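I need the structure of the sequence given here:
(one chain, ligands or ions: 1)
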Amino acid sequence: MKTILITGSSSGIGLGIAREFAKTKQYNLVLNGLEANGPQIAADLAKEFGIKTIFSPANMLKPAELRDMVKTAVDTFGSVDVLVNNAGIQHVSPIEDFPDEKWDAIIGINLTSAFHLSKAVWPGMKAKKFGRIINIASAHGLVASEFKSAYVASKHGIVGFTKTLALEGAPYGITCNAICPGYVKTPLVEKQIADQAKAHQLSESEVISKVMLYKQAVKEFVSVESLGQLALFLASEQANTLTGASIPVDGGWNAQ
Ligand code: NAD
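So this is what the prediction gives:
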């Protein structure tokens, strides 16, 4: 059994990835997030798939809590073999009104937490000569949109961080890749539909067709299952030479 730790996995994409790994019955799962029902979600997954899970409410903005979460995972399961840096937040606003504290929170949660967690799992992965770090970036790691300065900066940052860890991890069997989804209908996007409507002065259905899916050639939201399946491949032994990549799953948005 290998062990996977997925941040922000009591909701949306993280939970979708957790379910795909749980289905294989080949991983112990360390779940994390701020949702109050996180422990219940972890217990339900353990029951449904007959696997072992634990839940940590570690806050991405508190490095000591992140280190403790990794320690608890290693104490419980022996190692962290796969780390998925997924927790993330968004804020949509023109630059001149962009709240300073939102900038700090977005950089802290979307980017800096991945540094602290990767650093914490690194010695264990190095010793085992195996490790997989998967960063959930975004199509906005590769291209920008207006009104998302902090988010775009954080996601471009994680794409650069991914490349660096790929180089540093290569001698030790550690790979690092980023997945760059287009729009996935999760609570994060539901909230954004309302915010975008305000920023662009459009109705919510116009935001979906004119702002969100407008940029994708495939006019469908990306499914969490497809992201989970890609993460499963990146975590596999077969993906040992796939490293440093930022893979768009964005309905062709970045092909333009
Ligand atoms: P979501 O809001 O459904 O889930 C985010 C998760 O992160 C939640 O579990 C939340 O509790 C957790 N989280 C937030 N702040 C935290 C903190 N301080 N400490 C610990 N956990 C915290 O959002 P999602 O859409 O599933 O987003 C997951 C990731 O995917 C994010 O990094 C996001 O930027 C990225 N992404 C989302 C989309 C999309 O369209 N939904 C597209 C591209 C990339």
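
which parts of the protein sit against the ligand?
With the criterion set to CB under 6 Å from any ligand atom, the chain comes near the ligand through 8, 10-14, 33-35, 59-61, 86-89, 109-110, 136, 138, 181, 183-184, 186-189. All C-beta atoms are positioned from the backbone trio N, CA, C, and that covers glycine.

Which of those residues fall within helices?
Among those, the members falling in helices are Gly12, Ile13, Gly14, Pro187, Leu188, Val189 (criterion: DSSP state H).

Any of the residues you listed buried? List them.
By neighbour count, with 16 or more other CB atoms under 10 Å, these hold Gly12, Ile13, Gly14, Leu188, Val189 as buried.

picking up where we left off before, I'd like to know which of the residues of the chain next to the ligand are part of strands.
Among the residues of the chain next to the ligand, the ones falling in strands (DSSP state E) are Ile136, Pro181.

And the residues of the chain next to the ligand, which of them are buried?
Buried among those by 16+ other CB under 10 Å: 8, 10-14, 33, 35, 59-60, 86-89, 109-110, 136, 138, 181, 183-184, 186, 188-189.

so can I have CSV of the ones in helices among the residues of the chain next to the ligand showing pLDDT?
Shown next, in CSV, are these (pLDDT from 0 to 100):
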residue, pLDDT
Gly12, 97
Ile13, 98
Gly14, 98
Pro187, 88
Leu188, 83
Val189, 89
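
Among these, which pair sits farthest apart?
Greatest spatial distance among those (CB to CB): Gly14 and Val189, at 13.9 Å.

follow-up on the earlier one: which of the ones in helices among the residues of the chain next to the ligand lies closest to the ligand?
Comparing those against the ligand with CB to the nearest ligand atom picks out Gly12 as the nearest, at 2.2 Å.

what's near enough to touch the closest residue to Phe161 other than its chain neighbours?
With CB to CB, 6 or more residues apart in numbering as the criterion, Phe161 has its nearest non-adjacent residue at 6.3 Å, and that residue is Ala114. The contact partners of Ala114, taken as CB atoms under 8 Å, 6 or more residues apart in numbering, are Asn85, Asn135, Ile158, Phe161.

Ala114 belongs to a helix?
Yes. Checked against DSSP: H, G, I helix; E, B strand; the rest coil, Ala114 lies within a helix.

what about Lys163, neighbour count?
For Lys163, the neighbour count with other CB atoms under 10 Å is 16.

for it, what are its contacts?
Contacts of Lys163 (CB under 8 Å, 6+ apart): Cys176, Gly244.

Output the helix or strand hosting it as PDB, restricted to C-alpha atoms.
Per DSSP states H and E, Lys163 falls inside helix 149-169. Extracted C-alpha coordinates of helix 149-169, given in PDB (Å, rounded to 0.1, in the frame of the first residue of the first chain):
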ATOM      1  CA  SER A 149      -4.000  39.000 -10.600                       C
ATOM      2  CA  ALA A 150      -3.200  37.100  -7.400                       C
ATOM      3  CA  TYR A 151      -4.600  33.800  -8.700                       C
ATOM      4  CA  VAL A 152      -2.800  34.000 -12.000                       C
ATOM      5  CA  ALA A 153       0.500  35.000 -10.200                       C
ATOM      6  CA  SER A 154       0.100  32.000  -7.800                       C
ATOM      7  CA  LYS A 155      -0.600  29.500 -10.500                       C
ATOM      8  CA  HIS A 156       2.200  30.700 -12.800                       C
ATOM      9  CA  GLY A 157       4.400  30.500  -9.600                       C
ATOM     10  CA  ILE A 158       3.400  26.900  -9.000                       C
ATOM     11  CA  VAL A 159       4.200  26.000 -12.600                       C
ATOM     12  CA  GLY A 160       7.800  27.300 -12.000                       C
ATOM     13  CA  PHE A 161       8.000  25.600  -8.700                       C
ATOM     14  CA  THR A 162       7.000  22.300 -10.400                       C
ATOM     15  CA  LYS A 163       9.800  22.500 -12.900                       C
ATOM     16  CA  THR A 164      12.400  23.200 -10.100                       C
ATOM     17  CA  LEU A 165      11.300  20.200  -8.000                       C
ATOM     18  CA  ALA A 166      11.400  18.000 -11.100                       C
ATOM     19  CA  LEU A 167      15.000  18.900 -11.600                       C
ATOM     20  CA  GLU A 168      15.900  18.400  -7.900                       C
ATOM     21  CA  GLY A 169      13.900  15.200  -7.500                       C
END
